[in-house]
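K.L.:
Got a predicted structure here, sequence first:
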There are 4 protein chains.
Amino acid sequence: MKEKVFKDPVHGFVYVYEPLILELIDSKEMQRLRRVKQLGLSYLTYHGGEHSRFAHSLGTYEVTRRILEGLDKKGQLFLSKKEQLLALTSALLHDLGHSPFSHSLEGVFSLRHEAWTNKIILGDTQVNKVLSKVGSNFPKEVTEVIKGIHSNKLIIDLISSQIDADRTDYLLRDSKAIGVSYGNFDLERIIRVMVPTKDGIFFRKEGMHSIEAYILARYSMYWQVYFHPTSRSGEIILRNLFKRAKALYKSGEDICLPNEFTNLFEDKLLVKDYLNLDDSVLFFLFQKWTSSSDIILSDLSSRILNRSLFKRIEVDSNDDDLYSQLSSLLVEAGINPEYYLELDCPSDISYDYYQPNSNHKKNPIYLVDKRGEKVELSQISDPVRAVAGKRVRYNIYYPRDLIEKVEGLAERFKNLLDSYK
Amino acid sequence: MKEKVFKDPVHGFVYVYEPLILELIDSKEMQRLRRVKQLGLSYLTYHGGEHSRFAHSLGTYEVTRRILEGLDKKGQLFLSKKEQLLALTSALLHDLGHSPFSHSLEGVFSLRHEAWTNKIILGDTQVNKVLSKVGSNFPKEVTEVIKGIHSNKLIIDLISSQIDADRTDYLLRDSKAIGVSYGNFDLERIIRVMVPTKDGIFFRKEGMHSIEAYILARYSMYWQVYFHPTSRSGEIILRNLFKRAKALYKSGEDICLPNEFTNLFEDKLLVKDYLNLDDSVLFFLFQKWTSSSDIILSDLSSRILNRSLFKRIEVDSNDDDLYSQLSSLLVEAGINPEYYLELDCPSDISYDYYQPNSNHKKNPIYLVDKRGEKVELSQISDPVRAVAGKRVRYNIYYPRDLIEKVEGLAERFKNLLDSYK
Amino acid sequence: MKEKVFKDPVHGFVYVYEPLILELIDSKEMQRLRRVKQLGLSYLTYHGGEHSRFAHSLGTYEVTRRILEGLDKKGQLFLSKKEQLLALTSALLHDLGHSPFSHSLEGVFSLRHEAWTNKIILGDTQVNKVLSKVGSNFPKEVTEVIKGIHSNKLIIDLISSQIDADRTDYLLRDSKAIGVSYGNFDLERIIRVMVPTKDGIFFRKEGMHSIEAYILARYSMYWQVYFHPTSRSGEIILRNLFKRAKALYKSGEDICLPNEFTNLFEDKLLVKDYLNLDDSVLFFLFQKWTSSSDIILSDLSSRILNRSLFKRIEVDSNDDDLYSQLSSLLVEAGINPEYYLELDCPSDISYDYYQPNSNHKKNPIYLVDKRGEKVELSQISDPVRAVAGKRVRYNIYYPRDLIEKVEGLAERFKNLLDSYK
Amino acid sequence: MKEKVFKDPVHGFVYVYEPLILELIDSKEMQRLRRVKQLGLSYLTYHGGEHSRFAHSLGTYEVTRRILEGLDKKGQLFLSKKEQLLALTSALLHDLGHSPFSHSLEGVFSLRHEAWTNKIILGDTQVNKVLSKVGSNFPKEVTEVIKGIHSNKLIIDLISSQIDADRTDYLLRDSKAIGVSYGNFDLERIIRVMVPTKDGIFFRKEGMHSIEAYILARYSMYWQVYFHPTSRSGEIILRNLFKRAKALYKSGEDICLPNEFTNLFEDKLLVKDYLNLDDSVLFFLFQKWTSSSDIILSDLSSRILNRSLFKRIEVDSNDDDLYSQLSSLLVEAGINPEYYLELDCPSDISYDYYQPNSNHKKNPIYLVDKRGEKVELSQISDPVRAVAGKRVRYNIYYPRDLIEKVEGLAERFKNLLDSYK
């Protein structure tokens, strides 16, 4: 097969040498990812964050390919052709099961993307057909790699460790897209200090500073982008919007739901239905709902479409008392706190720029010195140890525009918040 | 008002100092542009091309702001505060009337985006309300600037000339997004050599090479990106898809059209309806249509969703004879050439990296030397003169996959094409 | 005066609006800095590190100018025109007294660059003449700012604090020149969160992450570039070379010293002599010395010219015993350890990516929240606190090539080193 | 051998896999290139242009290596291991014979760098010793490749054609160093469309736009950087300075010449002497000469050191009459026109962004279509044809500062110039 390339803003080019990879890219399940934004609602904060999971999937494949190529050049690639293909396909397909705005939707509809990736790869899909050409067990192997339970620890570390092709690609891609510098690190050097072993990938100790820079880039991106309160505000609204829609639906109200969505709201989604979910169909729903007779459904839909977000106030603790008092104020004013008040703590989200404990689902980072001795990164890096712990912050989100419409409410709201500082 | 900024991948930051600008950005008409891709279907070729017209609109505003700031620093800004605001708002709103995939849709539904920009700014919209705060005639002035008919030639040249804030922003933005180097040029230097006059903006002759580099960047981007045959293939499919849908609708067939679209297909679209059009609702339609009983509608919809494009062959001329013979071949095989065969010439698209003639709707570029003598750019620049002319290329687009399914057709098709070379 | 610009790889353009600044740039004392490398011998490790102190001086000026412009736009610039000029000239001239390879030479010849900057600005120089046009006391004020003892704390913080125009420019410039990503941070954002006060410059708390990224960039650059053992090896050789030359000179040996250098070796350097020192004249000396009859002088000179460096071994402690045993081995083999063996600890160099204690000669970084409360950065940032401490490493440098020439020596050397691990 | 890398600002990393390459890099002849600026005096215009020929030599090697790697991946590399080594070493060594400021010096001392490259490679040098390890004829083969007369046309095209590793590296490197965007083009794509043949390297026709972008980048860099009048002014001064020094020397005047330079001034330079020439030793000379009793020698030396350049006026033609009249004016005022007046035409310099004629010493660029038909680039590219011709400009250079010191001279000078416009 002739070399085939895709121009890429992060890696220059994505190179494909295997017809199988090309067929996977051309499958409709992969093409769907073009219609799912990589960063969900982050574009509400950073307007550059409009790239898709498709671009990131190609990028993850390409990073994996470059690692394999790098190891090969150094004569350290002890994977068979088929194992290499397993690594490459797993990289390409690792996000296949993402729903649109998965962080917000997963809670409401229990759509764990890992489970759906599994179903799509094993189900009656184009992707499955292509993978099965390699061997009848190959699709299953791919899911095992993605889940981190395959027996080949080296391949798992490539795709699903705390410094894998997935994480390195999205850091570089997200920071480039939104135009910030701090997600940057030296991927080429990190690849150069990799030491592949039967127990996974270790890193030469002399490369420690490059890996530190990677962890610190993660740390910066988490606090400045992934947890940004403005995007978080959008996510809260989106979640509450679906919570509302589901509640209405369950109680038998007509929410003008197109047939396509019935199975979703009935919690009996099939792979076929799932593959029809993308950002577009949700936005079509939101537009429909802006003219709903349910005022909450209509208001929250408009908010997402028109970026009319909740305001945020940082509070010192997650004192339930504060929340219930604010709640009462809203209830008095006829505003439903279930949809319009949120006490949020980003550290509840599964975030981990780096988790050194070895019982984490993803492997920690090990350095090896010239004598072959192995040490976990945070043991010898002060700044990594410093960020590895949790940082907890509490925020209250609420619709300032609504509150200002009710006479005196804004002032009482403010006084209450001040009294808790 | 406190300075407000938006992080931007091209300009670093977009700076806002006027509350009016912020209100415009927050209007629902501007927010709609987040859901309209700047490059239409170019993402089918360059997966990085996923950015929206919203990002470009902010960018055009920012370039305008920087030009004004640059002129001010040099003591050459002889625009009143209100005129500056007119320039800034016109820059921000210049693309407000773009439909999704406007290049493909405009032909089918006669949706000229310039006309809709006009209607939206003058209609019953949030944008109109905000603009009217400045003065009852202000919205009209903004439309005059955008249409290039305002009496202030300097402002027109800023927003709508052959080297304006619009073109400079999209060149830089598009090339950065897809990751190519050739759309790059030195905007800061070009701003520095601007000479504002009552007759518009001229450029100091010593800056000629920077402007040459800008024109050559346009030339490169047109041939390598904007006219790329793969994207063009997608556009042809999209246009034929809508042509088909409209034909079916007009003939009374049921195409499962949601109510929201009736006015579009009846050619009596209101501003209100128009503002509901965005990429998402079209993609929802395409998904619906993939299960249409009309095989052409369903096939073309799948092609867009799953990137199953027509192939292209370059031909030496636009010989009608070739087209009609290929057409006959398809008809014989039961393939409708009206939707599945296209003789395309990119130069039919309104393209102009640079048009030196002064009766063009956008002003040409004039250089002035130290003695104040004025000369049109292509008069003294060899490479600009070389690219200013038209380059004509002809391509045939057709569905190779369908043709290969009909026995012997592929070969007869090929022979015919070869005989015309 | 017309705007004048210098194209710059870091800032795009350096803008000059004051004739005084232009005259300073054109002075011969500033032009000398074109012949003094910013990074000394770092080019031995990173071949891209060949830029001069002249470029960095322009950059420091430009960062200062942008900060002033940024504060002005926000209406927070409460400096008079003359105070602004004081800030700009101090920024431009802050490195005027650097000798070539100052880190290595300063020890041997007690050429403290701060003292020489002072002497040049106050001496009979072009720079002094230009500055004196502003007022007879102006040169002195400039030296006070550079020394950090001027009464205007705001100006001092701009030029000489732990996050000043000097440090921000060189981080960006050095990392760009050598091609590494980790020296990068968001200067524009840091400027935006500056809060100028009578007590100096504070930073809005919401900008904390940008400042963290800056400190972490410093940390990365220190350990990966500024302390790099290969460059350090060059510095040690250079220092020993001058130590040797001086020793020979003092003992009356003929070291073919051109007249120009007599005053340097006599420790009675005048400003006039000092201004003749640059990288070129030293390299001319080294070339001369390669044919010296003193074998140490000639060998060390060749090493610098031909990049034949000492090797490094990291050791666990600075055990004097190890050093003296290695020393004895060398003596036995006829190699003079005074010039050929070095136990080095980078933390002996005055390094501080960040020093939070307020009695440091440069002010620490303070954040202020909305209520105006002030807190020192490391108090609330875990990663900054983590890197603020000292990290100590010990290295032994020695000429492996010489050692390998003496039979058995390499092995004994290695055994000894191993026994200390 | 373990992979060895050099961090590079243009290519990320330079990779070395052959011990021979490393030995060549470590040779003193290669290390000398660290002390010769790639862009000569261009730093007088663009302060970022301070990089050395050493960096460019590594870069040329790396581009060659990537081309070979790219061809190998596509299965098109039909060079033996030894031929590959020949290509790589020739790339690395192609500029070995450059003197400092070769463009200015070559005229005065007839130091053709091509001839010296030859002498160094074949002479009694470290480089020769290393190359001879491959075979006694290998050094000679390297010189043949560099001179473009080797029998292997493919290797010649890699190193010495109109689109070779040399030109592509310096365009990218120079533009990055000085911070301009227009020297940029897509090297990776150009490598991808290369078609290696026995007759040299051709390019797939579909890559034409990438190659156009490369030629246009050359065109932009020539007019905006390489021919920049400010740098040109410096070069003229430097040439005249050496002309003066040589004239004085020949007439027996004492110009305080260190012994090291005698052979240069006697025109009997040996390889050994030549290798001692670098930027540093020249700058040491200039400093010496600033205190020469010859007022011209001293003045021109100061001008180079302190960037006190000649002014330029563009004139319409190279009318000898104008020159001789200006000359007479200067003579009257006691200023020697031989050293202080220059009528300069950049097109006299051997410049060629692209020369399509096949009898040029470097091969033109050929495109091949799918049918294998070959066409020279300028035949089908309008913009390339447009720039391929010569553009002639005439400039007069003169010392405005001196002229202004003579009463009335400036006015008469100006009147004369005006009368010729």
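P.N.:
Ah, there it is.

K.L.:
Buried residues, stretch A:312-323. List them.
P.N.:
A:312-313, A:315, A:318, A:322-323 (16 or more other C-beta atoms under 10 Å in any protein chain shown). All C-beta atoms are positioned from the backbone trio N, CA, C, and that covers glycine.

K.L.:
Now, these that are in helices?
P.N.:
A:322-323 (DSSP state H).

K.L.:
Lowest-confidence member of the buried residues of stretch A:312-323, which is it?
P.N.:
Lowest pLDDT among those: residue A:318, with 69.

K.L.:
Could you pull out the strands in chain A for me?
P.N.:
Remark: strands assigned in chain A by DSSP state E are A:4-8, A:12-16, A:194-197, A:200-204, A:311-315, A:342-344, A:366-368, A:374-376, A:394-398.

K.L.:
What parts of the stretch 51-200 of chain A come near chain B?
P.N.:
By the rule C-beta under 8 Å from any C-beta of the partner chain, the part of the stretch 51-200 of chain A lying against chain B is A:51-52, A:54-55, A:58, A:176-180.

K.L.:
Same list (those) but as a markdown table, adding neighbour count and pLDDT.
P.N.:
Compiled in a markdown table, these are given as follows (neighbours: other C-beta atoms under 10 Å in any protein chain shown; pLDDT from 0 to 100):
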| residue | neighbour count | pLDDT |
| --- | --- | --- |
| A:51 | 29 | 98 |
| A:52 | 22 | 98 |
| A:54 | 22 | 98 |
| A:55 | 27 | 98 |
| A:58 | 27 | 98 |
| A:176 | 21 | 96 |
| A:177 | 28 | 97 |
| A:178 | 24 | 97 |
| A:179 | 20 | 95 |
| A:180 | 25 | 92 |
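
K.L.:
And these, which is closest to residue D:208?
P.N.:
residue A:58 (26.2 Å; C-beta to C-beta).

K.L.:
How about the contacts made by the closest one?
P.N.:
A:6, A:8, A:14, A:25, A:92, B:47 (C-beta atoms under 8 Å, 6 or more residues apart in numbering or on different chains).

K.L.:
Which one of those is nearest to chain C?
P.N.:
Proximity of the contacts of residue A:58 to chain C (C-beta to the nearest C-beta) peaks at residue A:8, which lies at 17.3 Å.

K.L.:
Pretty sure that closest one sits against residue A:57.
P.N.:
No - between residue A:8 and residue A:57 there is no contact under C-beta atoms under 8 Å: 11.5 Å.

K.L.:
Tell me which of those two has more neighbours.
P.N.:
Using other C-beta atoms under 10 Å in any protein chain shown, the more surrounded residue of residue A:8 and residue A:57 is residue A:57, with 26 against 21.

K.L.:
Could you measure from that one over to residue A:20?
P.N.:
15 Å (C-beta to C-beta, to the nearest Å).

K.L.:
What of residue A:205?
P.N.:
37 Å.

K.L.:
Name the residues of the stretch 301-421 of chain A found near chain B, please.
P.N.:
Near chain B, when you scan the stretch 301-421 of chain A using C-beta under 8 Å from any C-beta, you find A:302, A:305-308.

K.L.:
So which of the strands of chain A is nearest chain C?
P.N.:
strand A:311-315 (9.8 Å).

K.L.:
residue contacts, residue A:27?
P.N.:
A:125-127, A:130.

K.L.:
Looking at those residues, which is nearest chain D?
P.N.:
After measuring the contacts of residue A:27 against chain D - C-beta to the nearest C-beta - the closest member comes out as residue A:130, at 23.6 Å.

K.L.:
got a pLDDT number for the closest one?
P.N.:
pLDDT, residue A:130: 98.

K.L.:
From what I see, it and residue A:25 are in contact.
P.N.:
No - checked against C-beta under 8 Å, the pair residue A:130 and residue A:25 is beyond contact range at 9.9 Å.

K.L.:
Give me the spatial nearest neighbour of the closest residue to chain B within the stretch 301-421 of chain A, chain neighbours excluded.
P.N.:
Of all residues in the stretch 301-421 of chain A, residue A:306 sits closest to chain B, at 4.3 Å by C-beta to the nearest C-beta. Nearest residue to residue A:306, sequence neighbours excluded (C-beta to C-beta, 6 or more residues apart in numbering or on different chains): residue B:28, at 4.3 Å.

K.L.:
what would the strands of chain A look like in CSV with distance to chain D?
P.N.:
Formatted as CSV, the strands of chain A follow (distance: least, C-beta to the nearest C-beta, whole Å):
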stretch, distance to chain D
strand A:4-8, 7
strand A:12-16, 5
strand A:194-197, 12
strand A:200-204, 11
strand A:311-315, 39
strand A:342-344, 41
strand A:366-368, 16
strand A:374-376, 21
strand A:394-398, 40
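
K.L.:
closest to residue C:281 out of those?
P.N.:
strand A:200-204 (41.2 Å).

K.L.:
low pLDDT regions in the stretch 101-250 of chain A?
P.N.:
Applying pLDDT under 70 to the stretch 101-250 of chain A picks out no residues at all.

K.L.:
Contact residues of chain A facing chain C?
P.N.:
Checking chain A against chain C by C-beta under 8 Å from any C-beta, the hits are A:180-182, A:184-186, A:209-210, A:212-213, A:216, A:219-220, A:223-224, A:382-383, A:385-387, A:389, A:391.
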